[in-house]
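In: Structure for the following, please:
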Amino acid sequence: MTATYDSIATTTLGSNANSVSFTSISGTYTDIVIVAQTKNSSTAANTRVTFNSDTGSNYSYTRLSGDGSSATSGSAINAAFIGIDTQAANDTTFNQVFIFQVSNYSNSTTYKTSLSRANNASYGTNTTVGAWRSTNAITSVTFTPDGGQYATGTTFTLYGIKAE
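Out: A predicted model of the protein is given here:
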């Protein structure tokens, strides 16, 4: 079986923004992947992800980070979002690239799981596994920095993965 990535939508910010959303996501794929190149207007370190405008305590996540000399981890249960550790965004001049994948996003019988990863030789590497405790199909995804705004030039691209 071959997996095919289809580019569904791209958002490039022409000015600073408090969040970036993809809405009306079709249920025709097996997984979705969002690739982001972000820069923050301040020195905020992380990104918050929500699905279908749900800001209830329906999310859990575990984060792991390392910089070659030390490692850290953290987790949250009953959170109002999935927190992606994008600590490399601590520098407002640096463009952080991260990949966020949701498996079986359109399935309406199971909770949704996600995996994100980001890295940069100057700052370290990060990964986050998350869960949204809802059986609803995901039709929208919103990314919000936990401080500041996404700066002009930030780009998010949504891909659908089709099993063939």
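In: Okay, and the beta partners of the nearest residue to Thr11 once chain neighbours are set aside?
Out: The shortest distance from Thr11 to any non-neighbouring residue, by CB to CB, 6 or more residues apart in numbering, is to Phe156 (4.9 Å). Placement of C-beta: from N, CA and C, glycine included. Taking DSSP bridges, one obtains Thr11, Ala36 as the residues bridged to Phe156.
In: Let me know how buried Phe156 is, in neighbour terms.
Out: 22 (other CB atoms under 10 Å).
In: what helix or strand is the residue nearest to the spatial centre of the chain on?
Out: When the chain is reduced to its mean C-alpha position, the closest residue under CA atoms, centre = their mean turns out to be Phe100, at 4.4 Å. Of the helices and strands defined by DSSP states H and E, Phe100 is found in strand 96-103.
In: OK, contacts around Val35?
Out: Each residue near Val35 by CB atoms under 8 Å, 6 or more residues apart in numbering is listed here: Val97, Phe98, Ile99, Phe100, Phe156, Thr157, Tyr159.
In: Return the members of those classed as buried.
Out: A residue is treated as buried here by neighbour count (16 or more other CB atoms under 10 Å); on that basis the buried members of the contacts of Val35 are Val97, Phe98, Phe100, Phe156, Thr157, Tyr159.
In: The closest residue to Asn78 other than its chain neighbours: how many residues sit nearby?
Out: Closest residue to Asn78 apart from its sequence neighbours, by CB to CB, 6+ apart: Ser57 at 4.1 Å. By the measure other CB under 10 Å, the count of residues near Ser57 is 13.
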